[in-house]
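[1] Provide a 3D model corresponding to the input given below.
(4 chains)
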Amino acid sequence: MHKGFIRGISVVLIGLWSAMLFSETDGVFDEYRAMLGDDNPAIFVIFDGEEIWFTPAGPKSASLEQCDLGLGPGVVEGAYAQLPRYFADVDRVQDVEARLEHCMTQLQGLTPAEVHGKPYSLRGDLGTELEALVAWIADQSSGLAIAPMQAHAKERATYELGERLFYYRAGPHDFSCATCHEQAGRRIRLQTLPNLTTHQGAAEAYSSWPAYRISQGIVRTMGWRMRDCMRQQRMPELIMGSEATVALQTYLAVNGAGAPMAAPGLKR
Amino acid sequence: MGNLDPLGLTRRSFVAVSSALFVVAALPQKIWAAALRPETAFQATTLEATFEALGGAPTVSDGIVFSTPDIAENGAVVPVRIEIDTSVLSDVSKIYVIVEKNPNPLAAVFQVPPNTQPYAETRVKVAQTGNLYAVAEANGQLYMMQRETKVTLGGCGG
Amino acid sequence: MASRIRIRAQLKDDYCEVKALMRHPMETGMRKDQSGAAIPANFIEDVQVLHNDVVVVQAYWGAAVSANPFLGVRFKGGAQGDIVKVVWRDNQGDSGSGETTIR
Amino acid sequence: MQLLAFILFSNAVYADEAYNVLLDSMKDKNFVTVERLEQDELQEFCSQPRSASVDQARAAKLREAALKGVLIPKDERYLGDWQLGEKVASNGRGLQYSDDPEQENGGNCYACHQLDPNEVAYGNLGPSLSGYGARGQSAAMLQYTWTKLWNTHAYNVCSHMPRFGAAGILTEKQLQDVMAFLFDPNSPVNRSQP
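    Here you go, the predicted model:
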């Protein structure tokens, strides 16, 4: 029986049932979401993620049990809530996906190209290993306060960079994140847009990703969320675990710090 | 956190138990069930043809308490709940969920023996805004309740 | 990874409420993958809910039931500790099942 | 003068850093290349919170340039077919790396504006345009609306509406159709409230 397993399963169940958070709604979908209730298919993906963590893989056929997510090798409970953070061994601030890439290349011997091959599900896929891992890791922080580290100078600089990127307008449509996420009570069609410059808006968004997307039947990560938002801003493809995505996620995490993590969420 | 385990079994045994059952239960149930699956109804492509295959046009009955959201955030997963008010409609043996504008309107059938509450809850795909029907069969008669659900173009429309 | 099913059986005032979540893609056969190839139809065709090995609900599903399907049913006569089992079979001949005890 | 220079300078330095980080963090995908990360003067000037104080002199210069760049339609034919305009307003695709570059771009007006009062799925980042036709079809009103669509910064520097004409998102024909969707009395935009 794996070390954190029993605790993990109870955290899973408490987390799912107690912290099923829907994003702030403007009423239109309240009835719809109430009827969906709290049966979140993410539970299956969480089980997969746990299995993958403990399963040897890669040329070195090693599991991820020695992967240090910031709280020490193999410590998963509570790790997600304190990301992104500075890692001395790579002298960089990393999010969960950048850190997993580090572990997969160092411990398992995968090449960066292999890790970046297909991190996120494409149309018709039923979920990738990375998505399952992140679902489980995030679930191991469910209910714990968002607490990204800001003690290190590079962590604070990453926050500042994230804020500047938030307002960076470019591309044929001149969009920035702020175009949609800087005001209260805004919507694109019926899609509510949290104001990510405020504590409440950032907390609501950051705490609910990764999330099971009922429209696709898979769990999507915050890293994918950033990439897909950039796609819709008519920008080029955002690389997983890159400095820009880490900075933007740091900006959200710090703005939302203190609120309880409630992932994996259940979303459109 | 206490070792609360509401599922009543741990994850490992859960997998073991489910795979063990896999063999035992599958075989007999497979033969028995296949015979009664209303294939023609499932193949029907229009509402009328579906009703035809089930045995004719149902009459409206208030005994069918049919809950669906007025607006669905996403057509891929629309919750539906059907409860029968037995004081109005008794001896219901089957409940059908029909989505008028789907390529095949018949989505699901629930057969409920006497000792089971005439109740069913699931989630269905709704191709586009339109009418959903809950149909109940009682003593060979068909009854129905209809509700419209609007399916919106979620997300940034892009 | 074995197919998965999650069941909760709860005694309410005069009936037992069963909620089941099944892991299944419920492909209609009309969807295409990233390369444009059609994904073959793969959906649960029938589901049985059993209470102490007696069928309490027999359901037949089409491809219009949502992915990772949810099923909610109610039956009378269940007691705490009884076994509630859910068994499903899909159009490709795969099958899955799981059980829990009534709480 | 030093203070002004410093502000301008620091703005530029930061803009460069953000650009360089994005350049390292993104890659070409299908027809969308990292060239899109390069900012023109307007984008760089407007990369700030809506609440930030604006250098009025530079803003006036940008407004003038935007106005000067507007191309009036051939023989001032402002109005096209409202039914095609409705499709442009509802189409959210176009210029994303997931889109087909051969297809026409959408205007996605419904993303941010209410138009046909009976359509529930509309956004509210921009003002409601329901009943826009009541403004009448004077030359001034047609030119104002056309300019607004072509390059909104001609009137409202650092607006968050895309430059549909100036940035080449919509063709002249598509803009004429969207104008008709706004102005034509038969268009659902101008029918009675729900």
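[2] end to end, how far does stretch A:187-195 reach?
    10 Å (Cα to Cα, to the nearest Å).
[3] mean confidence score for that stretch?
    For stretch A:187-195, the mean per-residue pLDDT is 93.
[4] That one: which residues count as buried?
    Judged by neighbour count (16 or more other Cβ atoms under 10 Å in any protein chain shown), stretch A:187-195 contains these buried residues: A:187-195. Any C-beta I mention is one placed from the backbone N, CA and C, and that applies to glycine too.
[5] Of those, which ones also sit close to chain B?
    Restricting the buried residues of stretch A:187-195 to those adjacent to chain B (criterion: Cβ under 8 Å from any Cβ of the partner chain) gives A:188-191.
[6] give me every residue that touches A:Glu163.
    Under the criterion of Cβ atoms under 8 Å, 6 or more residues apart in numbering or on different chains, the contact list for A:Glu163 reads A:Tyr251.
[7] Check which helix or strand it maps to.
    In the assignment (DSSP states H and E), A:Glu163 maps to helix A:153-166.
[8] Quick one: name whatever helix or strand follows that helix.
    Using DSSP H and E, the helix or strand that directly follows helix A:153-166 along the chain is helix A:177-181.
[9] Report all helices and strands that that following helix contacts.
    For helix A:177-181, the elements it packs on are helix A:153-166, judged by 3 or more Cβ pairs under 8 Å, 6 or more residues apart in numbering or on different chains; DSSP states H and E.
[10] May I see the buried residues of the helix it packs on?
    Residues A:155-156, A:158-159, A:161-166 are the ones in helix A:153-166 that count as buried (16+ other Cβ under 10 Å).
[11] Considering the ones next to chain B among the buried residues of stretch A:187-195, which is situated nearest to D:Arg50?
    In terms of Cβ to Cβ, no member of these lies closer to D:Arg50 than A:Ile188, at 16.9 Å.
[12] for that closest one, which residues make a bridge with it?
    A:Gln191 (DSSP bridges).
[13] Spatially nearest residue to D:Asp116, not counting backbone neighbours?
    Leaving aside its sequence neighbours, D:Asp116 sits nearest to D:Pro188 (Cβ to Cβ, 6 or more residues apart in numbering or on different chains; 3.7 Å).
[14] contacting residues for that neighbour?
    D:Pro188 neighbours (Cβ under 8 Å, 6+ apart): D:86, D:115-119.
[15] Try it again at 10 Å.
    Applying Cβ atoms under 10 Å, 6 or more residues apart in numbering or on different chains to D:Pro188 gives the contacts D:82-83, D:86, D:115-119, D:130, D:181.
[16] among those residues, who's most crowded?
    When neighbours are counted as other Cβ atoms under 10 Å in any protein chain shown, the busiest of those turns out to be D:Phe181, with 31 neighbours.
[17] Tell me which helix or strand D:Phe181 sits in.
    With elements delineated by DSSP H and E, D:Phe181 resides in helix D:172-183, which encompasses its position.
[18] what's the farthest-apart pair in the ones next to chain B among the buried residues of stretch A:187-195?
    So for these, where distance means Cβ to Cβ, the most widely separated pair is A:Ile188 and A:Leu190, at 8.3 Å.
[19] roughly how far apart are B:Thr50 and chain C?
    Counting by Cβ to the nearest Cβ, to the nearest Å, the separation of B:Thr50 from chain C is 11 Å.
[20] An error on my part: the question was meant for D:Pro117.
    As judged by Cβ to the nearest Cβ, D:Pro117 and chain C stand 32 Å apart.
[21] What pLDDT does the model give that residue?
    Each residue has a pLDDT score; the one for D:Pro117 is 95.
[22] just A:Val76 next, same as before
    On pLDDT, A:Val76 comes in at 98.
[23] burial measure for the closest residue to it other than its chain neighbours, as a count.
    Of all residues beyond its chain neighbours, the one nearest A:Val76 is A:Gln140 (4.7 Å), with distances taken as Cβ to Cβ, 6+ apart. A:Gln140 has 28 neighbouring residues, counting by other Cβ under 10 Å.
[24] Pull the contacting residues for B:Thr149.
    Contacts for B:Thr149 (Cβ under 10 Å, 6+ apart) come out as A:32, B:68-72, B:75, B:78-80, B:99, B:124, B:126, B:128-132.
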